[in-house]
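Participant: 3D model of this:
(2 chains, ligands or ions: 2)
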Amino acid sequence: MKLNSIKIPHLKKSASLRTVDIKLPEKVIIAMSQHGGVPCKPLVSVGDEVKTGQLIGDTDAVMSAPIHSSVTGKVTGVTTVLNVFGNVHEALVIETVPNQVLSDEIAPPVINSRQDFIAAVRKSGSVGLGGAGFPTHIKFSYDPGSVKIDTLIINGAECEPYITSDHRAMLEESEKIIDGAKQIKKYLDIDRAVIAIESNKPDAIEKLSGLAAGETGISVVSLPPAYPQGAEKVIIHSVTGRVVKKGELPSSVGCIVLNCSTAAFISDYLRTGIPLIKRRITVDGNVVNKPKNLIVPIGTRACDIITAADVRTAPDRAIVGGPMMGITFYDEEMPTTKTTNSLLLFAETKKPHHTACIRCGRCVRACSMGLMPTELERAFELKDVERLKKLDVDLCMNCGACSYVCPAKRNLSEKNQLAKMYIREQASLKR
Amino acid sequence: MSQLLIEPSPHIRCTLTTQKVMLNVLIALLPAVIAGTWLFGLRALVLVVLCATFCVLSEWLFNKITKRKQTISDLSAVVTGVLLGLNLPPSLPIYMAAIGCFAAIVVVKQFFGGIGQNFANPAITARIVLMLSFGRYMTTWSAPIVGSLTSPDAVSSATPLAAPDVMPSYLDMFLGIRAGCIGETCIAALLLGGLYLIVRGLIDPVTPVAFIGTVALCALVGGHDVPMQLMSGGLVLGAFFMATDYSTTPLTRRGKLIFGVGCGLITSAIRFFGVYPEGVSFSILIMNIITPLIDRYVRPQPFGAKVKKTPRKNREAVQ
Ligand code: SF4
Ligand code: SF4
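Facilitator: Ligands and ions are numbered 1, 2, ... in the order given. Down below sits the predicted model:
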């Protein structure tokens, strides 16, 4: 079985440029929720001095990851931010001081067992750096007695246009990616690790293949550039041919999928003990003069990145994430989070001309999940919950492929998200 | 800083638009229009152009009167008009063509909600309406003004389906030198246009292949002259341009296969057993009607899930 996919322009203009560090921002805003899980509680209050890497937010909840200060400075306020999932969360405002020092808490973790390893990964604050932001330690906390994982997939597909942060990571931190894969394999006792890369990144494939050749159980596969190749279920299928059943996790087919930048971070953390406080992000878009990758402290505001990006004119559209799945934001004070892999700035946006669906079937042929987006849209307009469920709307991963190819420019993927929300609302009303 | 725009993802779209799709269909129909003009003279061209004009006017007026957003810029009315024109005998009185256009656009398309919403192909339905109302005019085909290439003395006045004893040669058939509707006779032009749509990825070849293939098979089994069956009537025009209409045919490839085979079977049944000499229009209309059914039951395989085919009510009854 071959999954549907679409061809989209790659536009990866920053792929060949070395990543640079952003100038230390005057202040950062660190949200107490950096991912889809449970938000953290702040452990410091206004007026406290914090050091780089210091734990500043945590919770007892499982589905979460602790938060550390990305800078040295002083907590000057508590504010609220709207995160990419549309929720409002508490956030700490930290004003930086010129002299940046590492917190004394920082020490490489001591690991003697699988449990130690998972605890260390949790302590590192690691979440999936590819955009979804699933806490990494949760992926690792399966019960080895009942679940057998045989394949660790290191996701280097990076199928969204413009974004090159993973690509640069694969080139600049190749050794760390290999080491990260090795460590995870070792502690979790996984047979093989496969680094999966879209073939439009031949330099990364070559470099990592060279390094992997010296290791046992680590290999590199080249995948055709076909959007959405990097989606979890799709990449598992591309690499192993296995199909994750609806409603199940990758572990049900013996796989764990980890973003390549996450693997590099884990290697780094095991060596240094420095938690997840900075990340690589791509800055691009038609108003950006020199598209590039920046290393930014978590919590850097969009306006600081826009300043660093050297823009031609003021953008009329700003996107966190890629152009296919990213989210537009309106507030330039919006801080980056652990999951921000890209900031795209556009001007002179042309509004697409919508017509009624002409039933061309392109959306159906585009959907890698085998859905019928046009039928789903119709069912949603009729608010037909039964039919929406029958058409498996919950399989939709909002990849946007259907909307992309639609000649009528229907907002199909958006409708699916609204439909899922509507079904949840209806279900909670019944209860 | 300026105002930042908020919009749902994805933030980039492909360049294909509804209008471009329709424009491409018009480009694909151009060879047939040119061939029709060559074969049947300027009046044929005038008829096709008038049909397109009437259709656009009907849609414009309908939208105006019902206070709807104007939709004529999507060019779908032009496509319907040209298709209907190509489906008419060259000598049809203009007012009858105008009635056909009105039926196609207002009754078949706009009453059902406009582009993409109609269940029956407007051009096909209009042709059938005209056939039932003005049967004599709709079946009076004037001979082409171009003489036969193979037997220059023969007068090809009847279509080969209606009068099988005056058969034109295969070459004449392929080039369209026979009596018939303006756009249906020149197989060469139709294939050229159909191929263009396939190459541009605008139609799935499975429909015309299944349709024409089924008719070929039936003709073979029934002992008929296969090439003649394939090249006569409106089969090629219907298979490439009407059985592939987006709105009125199934969404999925398997659905299109069923649709094509169904059309082929019905066409053959009408041709070989029915009272009408030509079954292409009826077959497409009948398959149009069952298209919603096909779309309900022929679904792509959802990833990691079962296709749920049983209608809810039945399932409850079973439980
Ligand atoms: S791609 Fe757009 S126009 Fe085509 S069937 Fe899907 S929704 Fe309709
Ligand atoms: S957004 Fe959903 S429906 Fe559309 S192509 Fe992606 S998975 Fe399929």
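
Participant: please count neighbours and contacts with C-alpha atoms only from this point.
Facilitator: Fine.

Participant: is there proximity between stretch B:293-304 and ligand 1?
Facilitator: No - shown here: stretch B:293-304 not in contact with ligand 1 (CA under 6 Å from any ligand atom), separated by at least 12.0 Å.

Participant: that stretch vs ligand 2: in contact?
Facilitator: No - judged by CA under 6 Å from any ligand atom, stretch B:293-304 makes no contact with ligand 2; its nearest approach is 9.7 Å.

Participant: mind listing the helices for the stretch 151-300 of chain B?
Facilitator: Using DSSP state H, counting those that start in this stretch, the helices found in the stretch 151-300 of chain B span residues B:170-175, B:187-199, B:206-221, B:226-231, B:235-237, B:253-273, B:280-297.

Participant: return the most buried member of these.
Facilitator: Compared across the helices of the stretch 151-300 of chain B, helix B:235-237 shows the largest average neighbour count, a mean of 27 (mean count of other CA atoms under 10 Å in any protein chain shown).

Participant: helices and strands around it, which ones?
Facilitator: Using 3 or more CA pairs under 8 Å, 6 or more residues apart in numbering or on different chains; DSSP states H and E, the elements in contact with helix B:235-237 are helix B:187-199, helix B:206-221.

Participant: got a markdown table for the ones you listed, with mean pLDDT too?
Facilitator: Below are the helices and strands packed on helix B:235-237 laid out as a markdown table (pLDDT from 0 to 100):
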| stretch | mean pLDDT |
| --- | --- |
| helix B:187-199 | 97 |
| helix B:206-221 | 97 |
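
Participant: make JSON lines from those and add distance to A:Glu175 to it.
Facilitator: Formatted as JSON lines, the helices and strands packed on helix B:235-237 follow (distance: least, CA to CA, whole Å):
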{"stretch": "helix B:187-199", "distance to A:Glu175": "46"}
{"stretch": "helix B:206-221", "distance to A:Glu175": "50"}
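
Participant: wait, isn't B:Gly116 in contact with A:Arg359?
Facilitator: Yes - using CA atoms under 8 Å, B:Gly116 makes contact with A:Arg359 at a distance of 6.0 Å.

Participant: returning to what we had before: quick one: which of the helices and strands packed on helix B:235-237 is nearest B:Cys14?
Facilitator: The closest of those to B:Cys14 is helix B:187-199. By CA to CA, the value is 17.8 Å.

Participant: spatially central residue for the chain, please.
Facilitator: You didn't say which chain, so I picked chain A. Centroid-nearest residue in chain A, with CA atoms, centre = their mean: A:Gly131, separated by 1.3 Å.

Participant: hm, I was asking about chain B
Facilitator: Residue closest to the average C-alpha location in chain B (CA atoms, centre = their mean): B:Met242, at 1.9 Å.

Participant: mind listing what that one touches?
Facilitator: Contact partners of B:Met242, counting by CA atoms under 8 Å, 6 or more residues apart in numbering or on different chains, are B:Asn121, B:Ile124, B:Ile284.

Participant: on that earlier part again, so for B:Ala143, which of the helices and strands packed on helix B:235-237 sits nearest?
Facilitator: For the helices and strands packed on helix B:235-237, the distance to B:Ala143 is smallest for helix B:187-199, at 16.6 Å, taking CA to CA.

Participant: other SSEs contacting that closest one?
Facilitator: The criterion is 3+ CA pairs under 8 Å, 6+ apart, and the helices and strands that helix B:187-199 contacts are helix B:18-40, helix B:170-175, helix B:235-237.

Participant: so it versus helix B:18-40, what angle?
Facilitator: Interaxial angle of helix B:187-199 relative to helix B:18-40 (axes from the mean of the first three to the mean of the last three CA atoms, to 10 degrees): 170 degrees.

Participant: what does helix B:187-199 contact?
Facilitator: With contacts defined as CA under 8 Å, 6+ apart, helix B:187-199 is touched by B:24-25, B:27-32, B:35, B:173-176, B:184, B:203-205, B:231, B:236-237, B:240-241.

Participant: so where is the chain shaky, pLDDT-wise?
Facilitator: Using chain A. Filtered on pLDDT under 70, chain A yields the residue ranges A:36, A:84-85.

Participant: that answer is for a different chain, and I need it for chain B
Facilitator: Along chain B, segments meeting pLDDT under 70 span B:1-2, B:151-166, B:277, B:308-319.

Participant: please report the distance of A:Leu223 from A:Asp310.
Facilitator: Distance of A:Leu223 to A:Asp310, given as CA to CA, to the nearest Å: 34 Å.

Participant: so these two - more neighbours on which side?
Facilitator: When A:Leu223 is set against A:Asp310 and neighbours are counted by other CA atoms under 10 Å in any protein chain shown, the residue ahead is A:Leu223, at 19 against 14.

Participant: and the more buried one, what is it in contact with?
Facilitator: Counting by CA under 8 Å, 6+ apart, A:Leu223 makes contact with A:Ala157, A:Ala196, A:Ile197, A:Glu198, A:Ser199, A:Gln229, A:Ser238.

Participant: which of those fall within strands?
Facilitator: Filtering the contacts of A:Leu223 for membership in strands, criterion DSSP state E, returns A:Ala196, A:Ile197, A:Glu198.

Participant: and the last one, what are its bridge partners?
Facilitator: Bridge pairing for A:Glu198 (DSSP bridges) gives the partners A:Leu223.

Participant: burial count for the nearest residue to A:Asn416 once chain neighbours are set aside?
Facilitator: Excluding the flanking residues, the one nearest A:Asn416 by CA to CA, 6 or more residues apart in numbering or on different chains is A:Val393, at 6.4 Å. As a burial measure, A:Val393 scores 25 neighbours (other CA under 10 Å).

Participant: pretty sure A:Leu208 is touching A:Glu173, no?
Facilitator: No - between A:Leu208 and A:Glu173 there is no contact under CA under 8 Å: 9.8 Å.

Participant: so between these two, which is more surrounded?
Facilitator: Counting neighbours by other CA under 10 Å for A:Leu208 and for A:Glu173 shows that A:Leu208 has the greater number, 24 against 20.

Participant: what about the more buried one, which SS state?
Facilitator: Counting by DSSP: H, G, I helix; E, B strand; the rest coil, the backbone at A:Leu208 sits in helix.

Participant: can you pull the contacts of A:Arg410?
Facilitator: A:Arg410 sits in contact with A:His354, A:Thr355, A:Ala356, A:Cys357, A:Ser403, where contact means CA under 8 Å, 6+ apart.

Participant: what about those, which are in helices?
Facilitator: Of those, the ones assigned to helices by DSSP state H are A:Ser403.

Participant: what is the nearest of the contacts of A:Arg410 to A:Val81?
Facilitator: Nearest to A:Val81, judged by CA to CA, of those is A:Ser403 at 28.8 Å.

Participant: okay, now that closest one: neighbour count?
Facilitator: If you count neighbours by other CA under 10 Å, A:Ser403 ends up with 30.

Participant: that one contacts A:Asn411, correct?
Facilitator: Yes - taking contacts as CA under 8 Å, A:Ser403 lies within contact range of A:Asn411: 5.5 Å.
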